[in-house]
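> fold the following.
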Amino acid sequence: SKLLSQNAVLAKLNRFKSDMLAFASHELKTPLAVLRISLEMIRLEVALGEHVDLLDTAEQQTIQLSELISTLLDLRKLEEGRMEYNLQAVDIRELIDKVSEQMTPLARLKRQYIGINHTQAFILADREKLQQVLINLLSNACKYSPEDSRILIQTHRGPSDVLIGIIDEGPGIAEDKQPQLFRRYAQLQGEHNDDHFKGTGLGLVLCQELIFGMGGHIGVHSKPKRGSCFWVQIPQYRPEEVADERTLLTRSNS
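Numbers count the residues shown, from 1 in each chain. Model (predicted):
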């Protein structure tokens, strides 16, 4: 009975922590939106020079904070079993083109080139959530790759699924450290990772949960000093194999 009482207290504290985190995240969204608009207005008035670099830095940090807040809110939905997936046929070529277009301005800041090796295929996925995952992976590739480097988005269609790989020329990750990437709050340290994946370690955790929720898989192949390939495996869309069309509309992770 004492153990049950302690467990009840711990559960209550955990719910309180989760509620406070969600409240703080919601409250931060509005001032951050105002800040981003203000920075955009300032950019219109600032001439070329040192101030533009400072403005770029401020905008990038604001974007990262906004992404962190969205990630925290999504993780809370996953914990509570409230995440829903709108599974539908997605043209992988069209989606990757859109993601590449969105991330090109970020790559240009470091004179990076984003290349695409296309495969024509339709997959069964939640378009918005898969786009969120690919943007996260591509953002990491840009962030941790050197200037004047090449980032490749490669797709391969298998018998029953499609493999999407994002290949960079970054510092790489030792094999024994790779499992940590998908654990909450993990930060890699070591000879080749002094500045690599510092932060909350939540982005890849969310990517993993979202991909699992769509019936897919996610992982990484990497070696120190030889770059990394983060990959996502998603089922192909095969309408003849879908017994009930209604299952495509909404699926909860509960």
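> tell me which helix or strand I234 sits in.
strand 228-235 (DSSP states H and E).
> tell me the pLDDT of the residue nearest to M214 when sequence neighbours are not counted.
Nearest residue to M214 in three dimensions, chain neighbours excluded: A125, at 5.0 Å (Cβ to Cβ, 6 or more residues apart in numbering). (Each C-beta comes from the backbone N, C-alpha and C, glycine too.) We note a pLDDT of 95 for A125 in this prediction.
> contacting residues for A125?
87-88, 90, 214, 216, 234-235 (Cβ atoms under 8 Å, 6 or more residues apart in numbering).
> contact partners for R93?
By Cβ under 8 Å, 6+ apart, the contact set of R93 is 118-121, 155.
> try 10 Å
116, 118-122, 155 (Cβ atoms under 10 Å, 6 or more residues apart in numbering).
> excluding its backbone neighbours, what's nearest Y144?
Distances taken as Cβ to Cβ, 6+ apart put G170 closest to Y144, at 4.3 Å, once the chain neighbours are dropped.
> look up how far E59 lies from S66.
For S66, the distance to E59 equals 11 Å [Cβ to Cβ, to the nearest Å].
> give me the low-pLDDT residue ranges for the stretch 1-150 of the chain?
For the stretch 1-150 of the chain, the stretches with pLDDT under 70 are 1-31, 33-34, 45-54, 57, 60-61, 63-64.
> show me where it has its helices.
2-45, 50-79, 92-108, 127-144 (DSSP state H, counting those that start in this stretch).
> need the residues touching each of S66 and E59.
Listed as contacting both S66 and E59 by Cβ under 10 Å, 6+ apart are 35-36.
> just for the stretch 151-254 of the chain, where's the confidence low?
184-202, 240-254.
> 50 - rerun?
Within the stretch 151-254 of the chain, the ranges that satisfy pLDDT under 50 run 188-200, 243-250, 254.
> what are the ranges of the helices in it?
Here the stretch 151-254 of the chain has its helices, by DSSP H, counting those that start in this stretch, at 203-213.
> which one of the contacts of A125 is nearest Q208?
Of all the contacts of A125, Q208 sits closest to G216, with 9.8 Å by Cβ to Cβ.
> what pairs with the residue lying closest to that closest one once chain neighbours are set aside across the strands?
Nearest residue to G216, sequence neighbours excluded (Cβ to Cβ, 6+ apart): I234, at 4.4 Å. With DSSP bridges applied, I234 shows beta-bridge pairing to V162.
> residue contacts, I234?
Counting by Cβ under 10 Å, 6+ apart, I234 touches 90, 92, 121, 123-125, 130, 133, 161-164, 211, 214-218.
> buried subset of those residues?
With neighbours counted by 16 or more other Cβ atoms under 10 Å, the contacts of I234 contain buried members at 90, 92, 121, 123-125, 130, 133, 161-164, 211, 214, 216, 218.
> tell me which of those is nearest to C142?
Among the buried ones among the contacts of I234, V133 lies closest to C142 (Cβ to Cβ), at 15.2 Å.
> grab the nearest non-local neighbour of that closest one.
Closest residue in space to V133, ignoring its immediate chain neighbours: C207 at 4.6 Å, by Cβ to Cβ, 6+ apart.
> measure how buried the closest residue to S228 other than its chain neighbours is and give me the count.
Among residues not flanking S228 along the chain, S222 sits closest, at 3.8 Å (Cβ to Cβ, 6+ apart). Neighbourhood size, S222 [other Cβ atoms under 10 Å]: 21.
> right, I'll leave it there.
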